[in-house]
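**Student:** curious how this folds, go ahead:
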Amino acid sequence: DGSFRGHLRTNAQGQNLNREWANTGHEGEEHYYQAPTVKRSPEVHCVLQEMDKTGVDVFLDVHGDEELPFNFLAGAEGCPNWGPRLEHLQGAFLASYSR
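**Tutor:** Predicted coordinates for the structure are as follows:
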């Protein structure tokens with residue numbers, strides 16, 4: 001992957017995988033970015049296809065930063081079915097993860 005070439009968050013195509021999970025803007029607009037594509041990020045494309053087939057109850061966005069000596073969770077609150085149950089599950093995971 002891209003880390004072999006000394007890049008962070010990129011795949012073998014040099015694409016920032018953090019930007020490949022959803023379109024940016026609207027089709028026809030100047031700054032529209034279609035994501036993912038099979039050519040640019042086949043790994044994200046395949047994962048999203050499987051997620052569409054099987055469904056997703058919740059996701060955890062675990063991140064790292066080269067400047068920080070720890071990993072952290074980015075909020076899953078943007079999930080369309082976010083509510084008390086998922087908030088509880090994320091909190092339980094975070095409590096276990098923090099130990």
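**Student:** C-alpha only now, for contacts and for neighbours.
**Tutor:** Fine.
**Student:** any regions of the chain where pLDDT drops low?
**Tutor:** 1-5, 7, 99 (pLDDT under 70).
**Student:** repeat the analysis, applying 90 as the threshold.
**Tutor:** Flagging of the chain using pLDDT under 90 yields the residue ranges 1-19, 21-24, 55-82, 86-87, 89-99.
**Student:** where is the longest helix in it?
**Tutor:** As assigned by DSSP state H, the longest helix anywhere in the chain is helix 84-98.
**Student:** please enumerate the strands of the chain.
**Tutor:** Listed in chain order, the strands of the chain (DSSP state E) span 61-64, 71-74.
**Student:** in its sheet, what does the first one sit against?
**Tutor:** Sheet pairing here is set by DSSP bridges, and for strand 61-64 it gives strand 71-74 (antiparallel).
**Student:** for Leu94, which non-adjacent residue is closest in space?
**Tutor:** Leu73 (7.7 Å; C-alpha to C-alpha, 6 or more residues apart in numbering).
**Student:** quickly note the distance from the nearest residue to His45 once chain neighbours are set aside to Arg85.
**Tutor:** Nearest residue to His45, sequence neighbours excluded (C-alpha to C-alpha, 6+ apart): Pro36, at 5.5 Å. From Pro36 across to Arg85, the span is 30 Å (C-alpha to C-alpha, to the nearest Å).
**Student:** neighbour count: these two, which is higher?
**Tutor:** A count of neighbours by other C-alpha atoms under 10 Å puts Pro36 above the other of Pro36 and Arg85, at 20 against 10.
**Student:** so the more buried one sits against Glu43, correct?
**Tutor:** No: Pro36 is beyond contact range of Glu43, at 9.0 Å (criterion: C-alpha atoms under 8 Å).
**Student:** buried residues in stretch 51-62?
**Tutor:** Val58 (16 or more other C-alpha atoms under 10 Å).
**Student:** quick one, helices of this structure?
**Tutor:** Applying DSSP H to the chain gives helices spanning 42-54, 84-98.
**Student:** including distance to Tyr32, could these go into TSV?
**Tutor:** Converted to TSV, the helices of the chain look like this (distance: least, C-alpha to C-alpha, whole Å):
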stretch	distance to Tyr32
helix 42-54	18
helix 84-98	31
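**Student:** appreciated, that's everything.
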